[in-house]
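**Q** Predicted model follows, preceded by the sequence.
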Amino acid sequence: MSYDIELPNPFGFRINIKESDDRLPSIGCEVELKLEMPRGIFTYSAKDIWFECSVIDDFLVQLKKLSLGEATKAEFYDIDREIVLSITKGQIQLSVHRIHSEIGSGYLEFKRETDNDIVLQYIEHLENFAKWW
């Protein structure tokens, strides 16, 4: 399957755009996460997750500054901040917090040491994304 945005390392973070709204502007997406662990694989998928287009643009700018040592953090998140990807010079963190009042709630947090190579990979993947805004 082909994804609109894919950030493969250190976990699979894939986004398929399903619709857009020019008023904000924002994009409605399906998101898939895949974490490979020593004893298994954790996968998560969510529908109807919305990202502001400006957050994608800002994340790319922050990543470039981070790679040059001009920033301390780059952050990518959806409108409801249910999915937050945060990168500093030495660490990458992914948090997923979904609240479902009828069936309970769920929270996942993944942290790992990182380096500038991953930041550069993210920059490359986001620059290859064909934006229309």
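**A** Cool, got the structure.
**Q** Pull the contacting residues for residue 108.
**A** 42, 44, 94, 95, 96, 97 (Cβ atoms under 8 Å, 6 or more residues apart in numbering). The way it works is simple: take the backbone N, C-alpha and C, and place the C-beta from them, glycine included.
**Q** Same question for residue 91.
**A** With the criterion set at Cβ under 8 Å, 6+ apart, residue 91 makes contact with 111, 112, 113, 114.
**Q** Please report how far the third one lies from residue 43.
**A** If you measure residue 113 against residue 43 using Cβ to Cβ, to the nearest Å, the figure is 23 Å.
**Q** Do a quick rundown of the helices in the protein.
**A** 53-67, 116-128 (DSSP state H).
**Q** For the last one, buried residues please.
**A** The neighbour-count criterion (16 or more other Cβ atoms under 10 Å) identifies 118, 119, 122, 123, 125, 126 as the buried residues of helix 116-128.
**Q** Which pLDDT value does the model give the second one?
**A** Looking at residue 119, its pLDDT is 96.
**Q** wouldn't it be in contact with residue 66 here?
**A** Yes - between residue 119 and residue 66 a contact is recorded at 5.6 Å, counting by Cβ atoms under 8 Å.
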